[in-house]
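**Student:** got a sequence here, can you model it:
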Amino acid sequence: MQIEPTKADPPKRNRRRFQFSLRSLMIGVTLLALLSGYVVRLRAFVEERQRFLDAAREQPIFATPDEISDVPWIRRLLGDRPVLAIGLDADADRAERQRAASLFPEACICAVRFEHISGAPWGGASINYVPFSDESAPTSQFNSPTRP
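**Tutor:** Below is the predicted model:
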């Protein structure tokens, strides 16, 4: 008499809920590294803009905040704000104007001359829009920004 082998169910493998291959892991890590690098580069750009605006407190530079235009949402998360106009001293060199134009592409870069007015009720200062010292065309209009 022959004994038939019993047909037992094969043992079930315990599959984890989330299981990834090595290739999927490498792709995910690469994408995360690219995203992190982009955010770090944007953060450095935002910090450079902030340092430029902080220097405005020590030099005759002014910046007008802009509520109309907008910066990308990720830069807003990093603390950046749009700027409408940057007023540099009329004697500012071309390198300073180029730096301002590269840091604030949305802003109008204007040449201004700060003058003290004695007895003025608003603080005693006047801002006059003048051409830059090495340019001949006036830059007094906000709708025609000066780009070096």
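
**Student:** kindly export stretch 16-26 (C-alpha atoms) in PDB.
**Tutor:** These are the backbone C-alpha positions of stretch 16-26, laid out as PDB (Å, rounded to 0.1, in the frame of the first residue of the first chain):
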ATOM      1  CA  ARG A  16       5.600  43.800   5.400                       C
ATOM      2  CA  ARG A  17       3.200  46.500   4.500                       C
ATOM      3  CA  PHE A  18       5.700  48.800   2.800                       C
ATOM      4  CA  GLN A  19       8.500  47.000   1.000                       C
ATOM      5  CA  PHE A  20      10.800  48.700  -1.400                       C
ATOM      6  CA  SER A  21      13.600  47.600  -3.700                       C
ATOM      7  CA  LEU A  22      17.100  48.900  -3.500                       C
ATOM      8  CA  ARG A  23      16.500  50.900  -6.700                       C
ATOM      9  CA  SER A  24      13.400  52.600  -5.300                       C
ATOM     10  CA  LEU A  25      15.400  53.500  -2.200                       C
ATOM     11  CA  MET A  26      18.200  55.000  -4.300                       C
END
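
**Student:** how about the helices in this protein?
**Tutor:** For the chain, the helices defined by DSSP state H cover 22-55, 73-77, 94-103.

**Student:** now do the longest one and helix 94-103, the angle between them.
**Tutor:** Between the axes of helix 22-55 and helix 94-103, defined by axes from the mean of the first three to the mean of the last three C-alpha atoms, to 10 degrees, the angle is 130 degrees.

**Student:** so where is this structure shaky, pLDDT-wise?
**Tutor:** Low-confidence segments of the chain (pLDDT under 70): 1-2, 4-6, 8-13, 15, 57-69, 114-148.

**Student:** repeat the analysis, applying 50 as the threshold.
**Tutor:** 137-148 (pLDDT under 50).

**Student:** just checking, residue 48 touches residue 103?
**Tutor:** Yes. Residue 48 is within contact range of residue 103, at 6.2 Å (criterion: C-beta atoms under 8 Å). In short, each C-beta sits where N, CA and C put it, glycine included.
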